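any chance you could fold what I've pasted below:
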Amino acid sequence: MCMGFGCNAAGITGCRIIDSPRERLIAILTNNFVPCNGRFPALISIIAMFFAVSKGFSGSVASSALLLLAVLAGIFMTFAVSWILSHTLLKGVPSSFTLELPPYRRPQIGKVIVRSIFDRTIFVLGRACAAAAPAGLLIWLLANINISDASLLSHLSQLLEPIGLFLGLDGVILLAFFLGFPANEIVIPIIIMAYTAQGKIVEVGDLAVMKEIFVNNGWSTLTALCMIIMILFHFPCSTACLTVKKETGSLKWTAAAVLIPELCGIILCAAAACLWRLFTS
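From the prediction side, this is the model:
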């Protein structure tokens, strides 16, 4: 789980140290609940824009506290879903955990670097590129092919609009999560691209400008809250999914790793939106 804070794919690979196949599978299926490096920038930006009510030191403390709450929510969901899985789909007798230290050997620095580059870095980058290249082409086509004076991206977001509004979001946000499957980092840029009707992914470095774009396109505190929930609880990125497939050797468990966090996000967003509207109406 801790390795998942850096990269969920690395966290999934790290589950190999668990001897019990049942418990290893539970750990793999729930690793995506902790936010990885690709999701932290989006979480920090949204918290700073919509929930840090004051500037300066007090605003920084408030933002840090809210980010900590978001991380704790992910950890709590990891334990909760693990408990549910261990009592339903993956029942079994809990095993003891023993960590044995290997005999000490003089480190071979050159060998470690070479093996790390070829066995991990290049391998993971290859998986990412395998999904990123086709997805990048798809995003470009959707943003640049126009039908009836509107891009395909705009038409698709309009189709998803009713579902998005029910979840406290909008159609653009839902579509951005789907198109952001190759990497969590591109979800916010895709949203900005759709809102500004540009034909390419752009990044806005100024949070004030970014907030103005979001507010002008209907964002509210509820939208920001549900966005945080969906960032925390949605399907893994392409690299993590490919890693799950490799570790489990099963399309069934890969699909479960996608559906479990996504269902949690949908349920929590719908509940938050309903409660918000109930108490603010």
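
please compute how far the top helix by length along the chain lies from its chain's middle.
Counting by DSSP state H, the longest helix found in the chain is helix 56-87. Relative to the centre of its chain, helix 56-87 is centred 14 Å away, using CA atoms, centre = their mean, to the nearest Å.

now stretch 40-53
15 Å.

got it, and stretch 9-21?
The answer for stretch 9-21 is 19 Å, by CA atoms, centre = their mean.

how far does that stretch stretch from one end to the other?
This stretch, stretch 9-21, spans 18 Å end to end (CA to CA, to the nearest Å).

what residues of it count as buried?
Neighbour counts over stretch 9-21 (16 or more other CB atoms under 10 Å) mark 9-15, 18 as buried. (Glycine included, C-beta is placed from N, CA and C.)

got CSV for these, with secondary structure too?
What follows is these, written out as CSV (DSSP: H, G, I helix; E, B strand; the rest coil):
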residue, secondary structure
Ala9, helix
Ala10, helix
Gly11, helix
Ile12, helix
Thr13, helix
Gly14, helix
Cys15, helix
Ile18, coil
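
so which of these is the closest to Ser238?
Among the buried residues of stretch 9-21, Ala9 lies closest to Ser238 (CB to CB), at 9.5 Å.

who does the helix or strand containing Ile46 touch, helix- and strand-wise?
Using DSSP states H and E, Ile46 falls within helix 40-50. Helix 40-50 makes packing contacts with helix 56-87, helix 187-196, helix 207-216, helix 221-232 when contacts are defined by 3 or more CB pairs under 8 Å, 6 or more residues apart in numbering; DSSP states H and E.

report the contact partners of Leu137.
Neighbour list for Leu137: empty [criterion: CB atoms under 8 Å, 6 or more residues apart in numbering].

and the average pLDDT for the one helix or strand it maps to is what?
Applying DSSP H and E as the criterion places Leu137 in helix 122-144. Mean pLDDT, computed over helix 122-144, is 71.

so where's the stretch 151-281 of the chain shaky on pLDDT?
Within the stretch 151-281 of the chain, the stretches with pLDDT under 70 are 199, 201-202.

would you map the helices across it?
Under the criterion DSSP state H, counting those that start in this stretch, helices of the stretch 151-281 of the chain are mapped to 152-166, 171-179, 187-196, 207-216, 221-232, 238-248, 251-280.

of those helices, which is nearest Leu141?
Of all these, helix 152-166 comes closest under CB to CB, at 7.2 Å.

burial measure for the closest residue to Asn184 other than its chain neighbours, as a count.
Setting aside the residues directly before and after it, Asn184 is nearest to Gly38 in space (CB to CB, 6 or more residues apart in numbering), at 3.4 Å. Residues near Gly38, counting by other CB atoms under 10 Å, number 19.

list the contacts for Gly38?
7, 183-185, 237.

closest one to Gly74 out of those residues, please.
For the contacts of Gly38, the nearest to Gly74 is Asn184 (13.3 Å; CB to CB).

hang on, that closest one packs against Arg39?
Yes - taking CB atoms under 8 Å as the definition, Asn184 is a contact partner of Arg39 at 4.9 Å.

what do the two both touch?
Joint contacts of Asn184 and Arg39 (CB under 8 Å, 6+ apart) are Ile231.

which residue, other than its chain neighbours, is closest to Phe181?
Ser238 (5.5 Å).

for Ala272, see how far away Asn31 is.
Computed as CB to CB, to the nearest Å, the Asn31 to Ala272 distance reads 24 Å.

out of these two, which sits in the more crowded spot?
Higher neighbour count among Asn31 and Ala272: Asn31, with 28 against 17, using other CB under 10 Å.
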